[in-house]
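1. what follows is a predicted structure for the sequence shown.
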Amino acid sequence: MLFAAILLFILVFGAGCSSTKYIADYQSIVKKVRIDSIDNAFEEEAYNYIQKDIRPASVIGINVVIYNIFNTKDGKYKTSNIKPLGTPPPILDSTLVEISRNQIEKFLKSKGYFNAVVKSEITIKKKRAKVVYTARQGQPFTVNKLNFEIADPSVKELYVSRKQEFTHLREGARFDDDSLSYERDQLQQLMRENGYFDFSKPYVKYTVDSNLNANKANVTLVVDNPDGKPAHERYHIGETKVIIAPDADGFRDTIVLNTRAFKDVRYTDLSGKFRRNPIVRYNFLSAPEQYDVRNEELTYDRMYELNVFKNVKIEYSKAGDSSKLVLPSIYLIPQKIMSNRVEGEVPFNGGTVGFNLSNTYSNNNLFRGAERFEFQVKGGLQSRIGQGSGLFSDIYQRDFSLSANLSVPRLMLPLITARPGRRGGMPHTIFSTSYVYALQKEAFRRRVFLNSVTYEFVESKSRYHSVTPFNLEYRFGNLLLDTSTVFGRQQFEANRYTINLLDRRNITLGIKYAYSLNANRLLENSSFVYMRANMDMAGNMLQLASKIGGAASNPKQEDYATLFGLPFNQYLRPEVDLRWYKYLGGERQLVTRLNAGIGYAYGNSIVLPFEKLFFAGGASGVRAWQARTLGPGNYNRGQRIADENSRKAFYGLDQLGDMRIEANLEYRYKLLNRFFGAKLKGAVFLDAGNIWNASSNSSAYSETYFDVKKLGKQIALGTGMGFRYDVQYFVFRFDMGLKLKDPQFSGSDQWVISKFLSGGKAFRDAYDKANSPDRYRFLQYNFGIGMPF
């Protein structure tokens with residue numbers, strides 16, 4: 001099947017590859033464009049000035065192949081009814097070649113090469129064209145002397161005192177038009193940050209004298225005064241109007257304002273749905289402060305971040321007297337407050353299939369202060385397939401959950417009044433509660449209550465903090481095994497470690513902290529480092545209180561200190577996700593990732609709570625394995641769980657660990673620019689990792705423990721390729737992972753790729769027979785929405 005698919009692809013590719021047979025005899029396809037004799041620092045940027053219609057396709061050229069398949073007829077390109085698939089081939093056009101030559105020459109002159117000359121040469125052979133641009137740059141001009149002609153002394157003093165913070169204009173530096181434009185932008189920003197409401201870029205001009213010897217130029221920055229005025233005027237903020245439209249349709253022709261103003265803010269809510277303080281709190285245009293454009297931008301940001309207004313507009317008028325006041329009017333159009341969202345998914349991995357269905361009710365303005373409330377009901381099940389039975393005849397897992405969250409757009413701190421921050425983003429206080437029910441057939445029934453209070457705040461656009469000072473979790477499980485039977489006792493002995501975790505009632509009281517760096521850049525095609533670090537701690541305060549109270553305990557003898565009559569958990573669980581995104585030009589990017597975490601139980605606990613354990617595999621981990629089917633260490637469930645019914649009962653429960661290390665390397669690139677109205681991108685990847693047990697207190701099997709000397713034998717390796725269908729707001733993802741090295745085996749048998757290449761049927765048959773109902777799959781398919789990382 002795989003061979004047939006590859007053969008079909010080769011045939012189709014070969015059929016569509018040659019574009020020259022579809023063009024007229026007088027036409028040629030541009031196969032190569034080169035720019036010679038240009039400074040390496042400008043080569044890539046100069047290439048952008050070549051007209052897109054004559055840029056050659058990539059080496060593979062799959063966009064052109066797809067275009068040829070769907071847009072040719074009778075040996076020629078179609079002139080009508082053209083399908084929007086792929087990209088047409090770059091047909092040589094001498095006019096575009098000349099336009100490109102002229103643009104490259106202008107670009108070089110803008111970079112200080114005033115005497116630059118660019119020539120073009122076209123070579124055609126067998127309808128294939130090669131275009132070479134040869135540049136004679138000459139010596140670059142440098143800035144000999146900088147002069148300032150600024151008519152307003154106050155403007156000149158402000159600029160000269162602050163320009164070192166941002167200037168790119170320096171004597172002796174290479175002349176660059178971009179530096180002049182940047183200086184103009186920064187000068188306007190500086191003026192508008194310091195009260196100059198009317199200042200704009202047209203007031204800033206340059207004169208350049210290049211008629212000097214030795215490739216030097218004198219540059220003069222000129223700032224004119226407004227027509228008919230001796231100087232630029234500074235303004236202060238007067239009374240601010242905050243006006244909310246009646247509904248999402250916007251404002252009516254007539255607006256009746258509130259007759260009263262409080263603290264120079266006239267608040268008018270025509271919808272009657274919003275309290276004053278939660279909205280006015282995020283107006284940073286306050287009287288009698290000096291006008292500062294940064295406060296305007298901040299007000300825009302915060303009003304949108306309240307997530308209750310679909311449109312925000314700020315207009316200004318000037319006071320009719322000579323007070324030099326600007327009067328802001330902030331117009332807010334509310335969006336729909338309540339919504340209901342039904343979502344479903346069908347998880348399909350290897351030998352299991354299931355579905356999850358959820359209904360989420362949202363209210364973005366619960367208490368008329370932009371508080372977001374969500375209530376969700378979710379349920380799902382998972383079934384085994386491929387055993388000759390019906391689709392949902394072997395349901396082994398059922399889940400159900402209720403959750404409620406209330407997010408308040410400010411930091412609600414006891415005894416402390418927190419002022420709204422000007423830096424970063426909107427802070428939030430989040431109150432959460434949830435109930436989770438899980439049933440594993442013939443194994444266990446487990447219920448968890450979760451309650452927390454979390455503070456979220458953004459230090460800057462790239463730095464995010466989340467602090468949970470209160471996290472209360474209550475768990476209780478019921479074992480469904482009948483240990484009075486021989487079979488039940490066998491299962492209990494074979495899975496003692498897992499059963500001890502599941503058949504417990506306990507309570508957790510702790511704190512959490514999370515920090516992320518550059519999360520706002522994850523959708524960028526650029527170079528940056530991303531990091532997310534989490535810390536989950538529990539039980540320390542309770543243990544301290546227990547010690548002070550003189551309570552005796554001995555966890556190793558199952559004599560625990562308690563809270564409300566229940567043992568409390570005590571552990572430490574740090575985790576870090578570190579990634580490096582490297583931009584490779586165009587729409588190509590290389591991503592490397594390291595994800596590591598470890599949980600350590602101590603004090604009043606000897607093992608981690610079940611939900612705090614790590615798993616490996618899945619759509620965002622080592623993708624050649626289904627989630628919860630890899631590790632821990634060299635664990636082989638077929639050998640450790642000899643009974644088929646036991647393997648069924650504990651499927652997905654026995655392959656968890658205290659520690660996880662995963663590493664990923666992924667190369668991303670564009671396949672098709674237009675594929676049914678969206679971009680189709682590709683990826684190839686290499687994944688490595690595993691989970692392990694680390695606590696000496698646990699009763700896990702010896703081969704599941706982390707041992708640095710055996711690390712090479714315990715690491716799983718997988719590779720694969722995938723597609724990302726980018727429809728702008730969503731990315732639909734399909735990845736196919738191939739196992740290279742499987743640590744559940746020993747010696748050379750770990751390199752399962754050799755068995756795959758040799759057919760692998762005998763290997764799979766032997767494995768399936770010994771590990772039923774588990775089946776061995778060299779290939780793992782993963783579907784998802786969004787990027788894996």
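-> Structure's in. What do you need? Residues are numbered from 1 along each chain as shown.

2. what sits against the residue nearest to the spatial centre of the chain?
-> Residue closest to the mean C-alpha point of the chain, counted by C-alpha atoms, centre = their mean, is L522 at 3.8 Å. L522 is in contact with Y530, M787, counting by C-beta atoms under 8 Å, 6 or more residues apart in numbering. To be clear about C-beta, it is placed using only N, CA and C from the backbone, and glycine gets the same treatment.

3. how much space between it and P788?
-> 12 Å (C-beta to C-beta, to the nearest Å).

4. just I150 next, same as before
-> Distance from I150 to P788, by C-beta to C-beta: 54 Å.

5. so what's T123 closest to, chain neighbours aside?
-> K130 (4.5 Å; C-beta to C-beta, 6 or more residues apart in numbering).

6. and what of P90?
-> Per C-beta to C-beta, 6+ apart, closest to P90 is V30, 4.2 Å.

7. which helix or which strand is home to the one you found?
-> V30 belongs to strand 29-36 when assigned by DSSP states H and E.

8. quick check: mean pLDDT of the helix or strand following that strand?
-> Sequence-wise, the next helix or strand downstream of strand 29-36 (DSSP H and E) is helix 40-47. Regarding helix 40-47, the rounded mean pLDDT is 88.

9. swap in stretch 89-108?
-> 93.

10. distance from that stretch to the middle of the chain?
-> Taking C-alpha atoms, centre = their mean, to the nearest Å, one finds the center of stretch 89-108 at 37 Å from the center of the full chain.

11. one more: stretch 75-90?
-> On C-alpha atoms, centre = their mean, the centre of stretch 75-90 falls 35 Å from the chain's centre.

12. pull the CA atoms of that stretch into CSV?
-> Written as CSV, here are the backbone C-alpha positions of stretch 75-90 (Å, rounded to 0.1, in the frame of the first residue of the first chain):
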residue,chain,number,x,y,z
GLY,A,75,-1.2,20.6,-23.9
LYS,A,76,-1.6,24.3,-23.1
TYR,A,77,-2.3,26.4,-20.1
LYS,A,78,-5.9,27.3,-19.6
THR,A,79,-6.9,30.9,-20.2
SER,A,80,-10.3,30.6,-18.4
ASN,A,81,-11.8,28.6,-15.6
ILE,A,82,-8.5,28.6,-13.8
LYS,A,83,-8.5,26.7,-10.5
PRO,A,84,-7.0,28.5,-7.5
LEU,A,85,-4.6,25.6,-6.8
GLY,A,86,-0.8,25.9,-6.8
THR,A,87,1.3,28.7,-8.4
PRO,A,88,1.7,29.4,-12.1
PRO,A,89,5.3,29.0,-13.4
PRO,A,90,7.5,32.1,-13.7
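
13. buried residues in that stretch?
-> Y77, L85, G86, T87, P89, P90 (16 or more other C-beta atoms under 10 Å).

14. returning to what we had before: the residue nearest to T123: neighbouring residues, count only.
-> Neighbourhood size, K130 [other C-beta atoms under 10 Å]: 17.

15. residues in contact with it?
-> Remark: with contacts taken as C-beta under 8 Å, 6+ apart, K130 is in contact with V30, K31, K32, V33, R34, I122, T123, I124.

16. same list (these) but as a markdown table, adding distance to P288.
-> Shown next, in a markdown table, are those (distance: C-beta to C-beta, whole Å):
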| residue | distance to P288 |
| --- | --- |
| V30 | 63 |
| K31 | 67 |
| K32 | 65 |
| V33 | 60 |
| R34 | 62 |
| I122 | 67 |
| T123 | 71 |
| I124 | 72 |
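
17. report the two of these separated the most.
-> R34 and I124 (15.0 Å; C-beta to C-beta).

18. which one of the two has more residues nearby?
-> Set side by side, R34 and I124 show more neighbours around I124, with 14 against 11, by other C-beta under 10 Å.

19. can you show me the CA trace of the helix or strand that one falls within as PDB?
-> Applying DSSP H and E as the criterion places I124 in strand 117-125. The C-alpha trace of strand 117-125 is given here as PDB (Å, rounded to 0.1, in the frame of the first residue of the first chain):
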ATOM      1  CA  VAL A 117      24.900  50.600 -11.400                       C
ATOM      2  CA  VAL A 118      23.100  47.300 -11.900                       C
ATOM      3  CA  LYS A 119      22.900  45.400 -15.300                       C
ATOM      4  CA  SER A 120      20.800  42.500 -16.200                       C
ATOM      5  CA  GLU A 121      21.700  39.500 -18.500                       C
ATOM      6  CA  ILE A 122      19.200  36.900 -19.800                       C
ATOM      7  CA  THR A 123      20.300  33.500 -21.100                       C
ATOM      8  CA  ILE A 124      17.800  31.100 -22.700                       C
ATOM      9  CA  LYS A 125      18.300  27.500 -23.500                       C
END
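
20. could you say what helices and strands that strand packs with?
-> helix 94-110, strand 128-136 (3 or more C-beta pairs under 8 Å, 6 or more residues apart in numbering; DSSP states H and E).

21. buried ones in the longest one?
-> Of the residues in helix 94-110, L96, V97, S100, R101, Q103, I104, E105, F107, L108, K109, S110 count as buried by neighbour count, 16+ other C-beta under 10 Å.

22. now the last one
-> Applying a neighbour-count criterion of 16+ other C-beta under 10 Å, one finds R128, A129, K130, V131, Y133, A135 buried in strand 128-136.

23. hey, what's the third one bridged with?
-> What that stands for is K130. K32, T123 (DSSP bridges).

24. please apply the same query to the last one.
-> On the basis of DSSP bridges, A135 takes part in beta bridges with V118.

25. who are the contact partners of it?
-> Contacts of A135 (C-beta under 8 Å, 6+ apart): I35, D36, S37, I38, I104, E105, L108, A116, V117, V118.

26. with the first one instead?
-> Contacts here follow C-beta under 8 Å, 6+ apart; on that basis R128 touches T20, S28, I29, K31.

27. check the last one and give its pLDDT.
-> K31 is assigned 89 on the pLDDT scale.

28. quick check: closest non-adjacent residue to it.
-> R128 (4.7 Å).

29. count of neighbours near W751?
-> Neighbour tally, W751, other C-beta under 10 Å: 15.

30. which residues touch the closest residue to it other than its chain neighbours?
-> Excluding its sequence neighbours, the residue lying closest to W751 (C-beta to C-beta, 6+ apart) is K741, at 5.5 Å. By C-beta under 8 Å, 6+ apart, the contact set of K741 is I715, A716, L717, Q750, W751, V752, I753.
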